[in-house]
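Enquirer: no sequence on this one, just coordinates:
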């Protein structure tokens, strides 16, 4: 007996949700634990080096299992045609139309929800992922700032900086410092953004206020100045005596970032030393406010 485990994350044009991926892993684990040989088919978009449907020879398998998501549509029906000789089982699926070819093509359907059936718990809850060790990282990026003219290299630096984040083994939280009470995706007040930042392990940022609000709340920040030669992000890091800032040179040609340097500061920020340094004085020196008061009084 050899089983091919599939699901929506198996299709090139399928949607791979976290729940779908966990459900497929739960199915693989249960079948392997029962002594069945299992392969899992992944979209090349999701797992470029994994087994894909076009390389999963139907002649190698006795069973095909389709896990999670809706049992509906042409892509599911295509599995019935390609793996017609296999015993086909759907598990943990939503059945929308019991009479559709996508559903009737299965030899067995074990739904999570279907007309007239009691709902069952989703399979994604059946697998334990050791996520507790993953750092939670907020990502705060600056848009292009035209005032810096040709020194601004925001787009390319954002591409270089974020390109490697997916491989770093972290939970990424995109954040925006823009306050807009009309849009639920943005904080309605600064305190809402800070409430999120305080729960992070690290902030990766090309914005001045990404750096400041992280340090103000005792969270290490890996700051990258997106202006060639350095500008306000670099200056603010100096004002806070914060070492984890990368200032790109005046070079006109990319790449601008050294992955090894990014990696060193990443590790330092997540180290006990970086945490202690960030948890130091949580308020900036009051010099500007003191100077302001003095200037107002002097004008009299």
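Expert: Arrived safely. It should be emphasised that the depicted structure is a prediction, and the values quoted were computed from it without experimental measurement.

Enquirer: low pLDDT regions in the stretch 1-150 of the chain?
Expert: Along the stretch 1-150 of the chain, segments meeting pLDDT under 70 span 129-132, 145-150.

Enquirer: Helices of that one, start to end?
Expert: 18-33, 74-82, 101-104 (DSSP state H, counting those that start in this stretch).

Enquirer: Give me the packing partners of the longest one, helices and strands only.
Expert: This points to helix 18-33. Packing partners of helix 18-33 (3 or more C-beta pairs under 8 Å, 6 or more residues apart in numbering; DSSP states H and E): strand 2-7, strand 37-40, strand 63-67, strand 87-94. Every residue, glycine included, has its C-beta placed from N, CA and C.

Enquirer: In a helix, residue 162, correct?
Expert: Yes. Remark: residue 162 belongs to a helix, assigned using DSSP: H, G, I helix; E, B strand; the rest coil.

Enquirer: how much space between residue 6 and residue 60?
Expert: Counting by C-beta to C-beta, to the nearest Å, the gap from residue 6 to residue 60 is 14 Å.

Enquirer: Between these two, tell me which one has more neighbours.
Expert: Using other C-beta atoms under 10 Å as the criterion, residue 6 and residue 60 rank with residue 6 on top: 26 against 11.

Enquirer: What residues are bridge-paired with the more buried one?
Expert: Beta-bridge partners of residue 6, counted by DSSP bridges, are residue 66.

Enquirer: quick one: it from residue 74, how far?
Expert: 15 Å.

Enquirer: what does residue 61 give?
Expert: 21 Å.

Enquirer: For those two, work out which one has more neighbours and name it.
Expert: Set residue 61 next to residue 74 and count neighbours by other C-beta under 10 Å: residue 61 wins out with 21 against 8.

Enquirer: tell me the contacts of that one?
Expert: Residue 61 makes contact with 2-4, 39, 83, 86, according to C-beta atoms under 8 Å, 6 or more residues apart in numbering.

Enquirer: on that earlier part again, next, format the helices of the stretch 1-150 of the chain as CSV and append distance to residue 277.
Expert: Converted to CSV, these look like this (distance: least, C-beta to C-beta, whole Å):
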stretch, distance to residue 277
helix 18-33, 34
helix 74-82, 51
helix 101-104, 56
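
Enquirer: can you give me the helices in the stretch 201-300 of the chain?
Expert: Taking DSSP H, counting those that start in this stretch to define them, one finds helices in the stretch 201-300 of the chain at 208-216, 232-239, 259-269, 272-278, 287-298.

Enquirer: Please name every helix or strand in contact with the last one.
Expert: Helix 287-298 makes packing contacts with no helix or strand when contacts are defined by 3+ C-beta pairs under 8 Å, 6+ apart.

Enquirer: So what does the residue nearest the centre of the chain have for phi and psi?
Expert: In the chain, the residue lying closest to the centroid (C-alpha atoms, centre = their mean) is residue 172, at 4.4 Å. Main-chain dihedrals, residue 172, degrees, to the nearest 10: phi -100, psi 140.

Enquirer: If I follow the layout properly, it ends up in contact with residue 165?
Expert: Yes. Using C-beta atoms under 8 Å, residue 172 is in contact with residue 165, at 5.8 Å.

Enquirer: Mutual contacts of the two, please.
Expert: Common neighbours of residue 172 and residue 165 (C-beta under 8 Å, 6+ apart) are 137, 139.

Enquirer: neighbouring contacts of stretch 103-123?
Expert: 19, 22-23, 26-27, 66-68, 71-72, 76-77, 79-80, 87-95, 97-98.

Enquirer: 6 Å instead, please
Expert: 23, 26, 68, 71, 80, 87-95 (C-beta atoms under 6 Å, 6 or more residues apart in numbering).

Enquirer: what does stretch 238-256 give?
Expert: With contacts defined as C-beta under 6 Å, 6+ apart, stretch 238-256 is touched by 156-157, 160, 215, 222-225, 228-230, 234, 237, 265, 269.

Enquirer: mind checking the end-to-end distance for it?
Expert: Stretch 238-256 has its terminal residues 21 Å apart, counting by C-alpha to C-alpha, to the nearest Å.

Enquirer: same check, this time on stretch 69-76
Expert: Terminal-residue distance, stretch 69-76 (C-alpha to C-alpha): 10 Å.

Enquirer: ok, now stretch 201-221?
Expert: One end of stretch 201-221 sits 9 Å from the other (C-alpha to C-alpha).
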